[in-house]
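1. return a 3D structure for these sequence lines:
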Amino acid sequence: MEADPIRSGTARGDPGAEPGTVAVVVATTPVASLPCAAGGTLLDRVTEQLAMLPIREVHIVARDIAGGADTGAHGVTVSDGLAEDLRTVAKLARTAISPLAVLPADLLAHTEALALLLGHPARPTGAIVAGGAPGPLRPPVRIEQDRIASAGTSFHRVGQANATFRGVLLVGRDHLAGLAEVAEELADLVAGRNLAGVGDHELPELLLAGLVRVGVPVKAVPIGGLHCTRVGDADEAGRALRELAAVDVDAARLDAAIKSDDGFFTTFCVSSWSRHLVRLAAKAHLTPNTVTGMSVGLAVIAAVWFTGGHRGAMLTGAVALYLSFVLDCVDGQLARYTGRFSALGGWLDAICDRLKEFIVYAGLAIGYPGGGAWPLAIAALLVQVTRHMADFAYAGARADARRDAPRPRRPLTVPWDDAPSGGARGGAAGSVLALAWRFDGGAGYWLKKMIVLPVGERTAVIAVTAGLFDARVTFLTLLGWGLIALAYTVAGRMARSLA
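-> Sure thing, here's the model as predicted:
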């Protein structure tokens, strides 16, 4: 097998961060002992990569300790089968005081791909996913709104799968008790031979399927152009290593930092070129918060120009507002590219988005002759405030419901999960949701994105109508579209809640 540069770029995450994650490396297949690079094995490669990430401790689960792997610095459990593997994970989850990662030793991945999940400062419960056809080592999953809604194994089936699980699972501290319960239940089912067809290598897949079915929210973490795949033999390992070496890791990391589910305007008019600004900002050592401040400054400049009211001033304000929104996108992209996340940064970004928009409203109203646009400006502002209040109230209510109500459990012994349009959602509300799912592709997808008037579309409305017409047209457009978006959102959430 050819030489393998483990690290072709800079992985994200601070190895000294606390509390570090505990990683369970499952080396229960012969592939884990395949030679890789300078005298090491695939297991050695994975443990070396984990040393570059904020991992506090590595625990290896193996059938034996033969094969030349260097396990001296790590805890090792010699297990006699899948059921015992699961009970080992359950035991570790019960005693863990920090997040727990589970990944196979037959994994060939860019370190940067692992860092997207294992190096994230928030250490969320999540799993690495990618596109491609499902296979024996790439079980299918269905992703809904950045969460894994259904996960497959050799026993468990997935309706309307749209991605594949790549073997790396991270369970946050809040969900460790749920992981322990799921692992114990799965161990009993495996020991009782109640999961027909499940292979000895499917520990990560089983845990993911179990967590999803007991209601634990698992974030889907896509890897973009980076690689992360399990291999079944030496030939597959050789091909995977060649694919790893062929990737421009920095470009792939940058691609992964660009959201793939943004609105129409953001996707095609900003994210299509903002990566160049992200790279420049990173080279200049700018922080995401600094870029947020620059975005606010441009919004203030736009508002000042809008107060002029004449065509030249309105066009200049429109350009400044567009550039402000570009930087508003760049700050998040830069945070994902460099791994420099913070709770303060997220809060500042949300607050500044509202602040910039309302400052621009004021500038437009001041610049309109005779002050006749103020009533419309106030009406448009109230619609936006109502929408934001509804968003936060709904999110808070759902969080309270998840915390106070029993989690919806789907039996682990039933092969099929419900598909998005499954029979569990009955009545008029279920019909509404089923209809919504039918418009989830092509032009319908973008229509659903645009109708809710996200911040990108609002920016486009303001820039285009103010630059070409006047503030009155801007506010009328915002008011009309905003009311449609409010009605659509409320109706959809009512239907989802009733269903």
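2. low-confidence bits of this structure, can you list those?
-> In the predicted model, the chain carries pLDDT under 70 at residues 1-19, 37-39, 65-73, 342-343, 393-408, 418-441, 496-497, 499.
3. so which residue is dead centre in it?
-> Val221 (4.4 Å; C-alpha atoms, centre = their mean).
4. which residues are in contact with the helix or strand that contains that residue?
-> Val221 is located in strand 219-222, with elements delineated by DSSP states H and E. Here strand 219-222 makes contact (C-beta atoms under 8 Å, 6 or more residues apart in numbering) with 116-117, 124-130, 141, 143, 146-148, 163, 256, 260. Every residue, glycine included, has its C-beta placed from N, CA and C.
5. Ala90: neighbour count?
-> 20 (other C-beta atoms under 10 Å).
6. repeat that for Asp106.
-> Asp106 has 27 neighbours, counted by other C-beta under 10 Å.
7. now do the contacts for the closest residue to it other than its chain neighbours.
-> Distance criterion C-beta to C-beta, 6 or more residues apart in numbering; nearest residue to Asp106, sequence neighbours excluded, is Val31 at 4.0 Å. For Val31, the contact set (C-beta under 8 Å, 6+ apart) comprises Leu42, Ala105, Asp106, Val231, Gly232, Asp233, Ala237.
8. weed out the non-buried ones from these.
-> Leu42, Ala105, Asp106, Val231, Ala237 (16 or more other C-beta atoms under 10 Å).
9. okay, those residues in JSON lines with distance to Leu381 next?
-> As requested, the buried ones among the contacts of Val31 are exported to JSON lines (distance: C-beta to C-beta, whole Å):
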{"residue": "Leu42", "distance to Leu381": "58"}
{"residue": "Ala105", "distance to Leu381": "56"}
{"residue": "Asp106", "distance to Leu381": "56"}
{"residue": "Val231", "distance to Leu381": "56"}
{"residue": "Ala237", "distance to Leu381": "59"}
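10. mind putting the residues you listed in a markdown table, secondary structure and distance to Leu207 included?
-> Output for the buried ones among the contacts of Val31, formatted as a markdown table (DSSP: H, G, I helix; E, B strand; the rest coil; distance: C-beta to C-beta, whole Å):
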| residue | secondary structure | distance to Leu207 |
| --- | --- | --- |
| Leu42 | helix | 21 |
| Ala105 | coil | 16 |
| Asp106 | coil | 16 |
| Val231 | coil | 20 |
| Ala237 | helix | 24 |
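11. closest one to Glu457 out of those residues, please.
-> Nearest to Glu457 out of these is Val231 (C-beta to C-beta; 43.8 Å).
12. these two touch, right, that closest one and Ala109?
-> No. Using C-beta atoms under 8 Å, Val231 makes no contact with Ala109, being 10.5 Å away.
13. ok so, going back, of the contacts of strand 219-222, buried ones?
-> The buried subset of the contacts of strand 219-222 - by 16+ other C-beta under 10 Å - is 116-117, 124-130, 141, 143, 148, 163, 256.
14. of all pairs in those residues, which one is the farthest apart?
-> Thr125 and Ala256 (19.4 Å).
15. and for Ala252, nearest residue in space, chain neighbours not counted?
-> Gly225 (3.6 Å).
16. again, but for Ala379
-> Leu479 (5.5 Å).
17. which residues outside stretch 177-187 are in contact with it?
-> 83-84, 86-87, 89-91, 93-94, 100, 171, 195, 206-207, 210-211, 214, 216, 412.
18. and that stretch, how far from the chain's centre?
-> The chain centre lies 24 Å from the centre of stretch 177-187; the measure is C-alpha atoms, centre = their mean, to the nearest Å.
19. list the buried ones in it?
-> Buried residues in stretch 177-187, counted by 16+ other C-beta under 10 Å: Gly178, Leu179, Ala180, Glu181, Val182, Ala183, Glu184, Glu185, Leu186, Ala187.
20. element containing the last one, please.
-> Going back to what we said before, that points to Ala187. helix 176-191.
21. same question for Leu103.
-> With secondary structure defined by DSSP H and E, Leu103 is part of strand 100-104.
22. other SSEs contacting the helix or strand just after that strand?
-> Next helix or strand after strand 100-104 toward the C-terminus (DSSP H and E): strand 107-109. Helices and strands touching strand 107-109, by 3 or more C-beta pairs under 8 Å, 6 or more residues apart in numbering; DSSP states H and E, are helix 42-51, strand 163-171, strand 228-230, helix 234-246.
23. want to throw those into JSON lines with distance to Ala466?
-> Formatted as JSON lines, the helices and strands packed on strand 107-109 follow (distance: least, C-beta to C-beta, whole Å):
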{"stretch": "helix 42-51", "distance to Ala466": "51"}
{"stretch": "strand 163-171", "distance to Ala466": "40"}
{"stretch": "strand 228-230", "distance to Ala466": "45"}
{"stretch": "helix 234-246", "distance to Ala466": "47"}
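24. quick one, which of the ones you listed is nearest to His74?
-> helix 42-51 (6.6 Å).
25. send the alpha carbons of the helix or strand just after the closest one over as CSV?
-> Following helix 42-51 in sequence order, the next helix or strand is strand 55-62 (DSSP H and E). What follows is strand 55-62 as a C-alpha-only set of coordinates in CSV (Å, rounded to 0.1, in the frame of the first residue of the first chain):
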residue,chain,number,x,y,z
ILE,A,55,-9.3,14.0,22.0
ARG,A,56,-8.6,13.4,25.7
GLU,A,57,-8.4,9.7,25.7
VAL,A,58,-8.5,6.8,23.1
HIS,A,59,-10.0,3.4,24.0
ILE,A,60,-9.6,0.5,21.6
VAL,A,61,-12.1,-2.3,21.3
ALA,A,62,-10.5,-5.3,19.5
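26. and strand 55-62 with helix 42-51, angle?
-> Per axes from the mean of the first three to the mean of the last three C-alpha atoms, to 10 degrees, the angle that strand 55-62 makes with helix 42-51 is 160 degrees.
27. show me how far strand 55-62 is from its chain's centre.
-> Per C-alpha atoms, centre = their mean, the centroid offset for strand 55-62 relative to its chain is 25 Å.
28. neighbouring strands for that strand, and are they parallel or not?
-> Strands that pair with strand 55-62, judged by DSSP bridges, come out as strand 21-27 (parallel), strand 75-78 (parallel).
29. list of residues touching the longest one?
-> Strand 21-27 has contacts (C-beta under 8 Å, 6+ apart) with 33, 43, 46-47, 50, 53-63, 69, 74, 85, 88-89, 92, 96, 98-105, 118, 123, 170, 201, 203-204.
30. quick check, Val141 in a helix?
-> No. Judged by DSSP: H, G, I helix; E, B strand; the rest coil, Val141 forms no part of a helix; its state is strand.
31. quick one on the thing from earlier: between the buried ones among the contacts of Val31, which is closest to Lys448?
-> Val231 (38.3 Å).
32. does the residue nearest to Ala252 really touch Ala251, like I thought?
-> Yes. Judged on C-beta under 8 Å, Gly225 makes contact with Ala251 at a distance of 7.1 Å.
33. I figured Thr47 hits His74, correct?
-> Yes. Applying C-beta under 8 Å, one finds Thr47 in contact with His74, separated by 6.6 Å.
34. of these two, who's got more company?
-> More crowded of Thr47 and His74, by other C-beta under 10 Å: Thr47, with 23 against 16.
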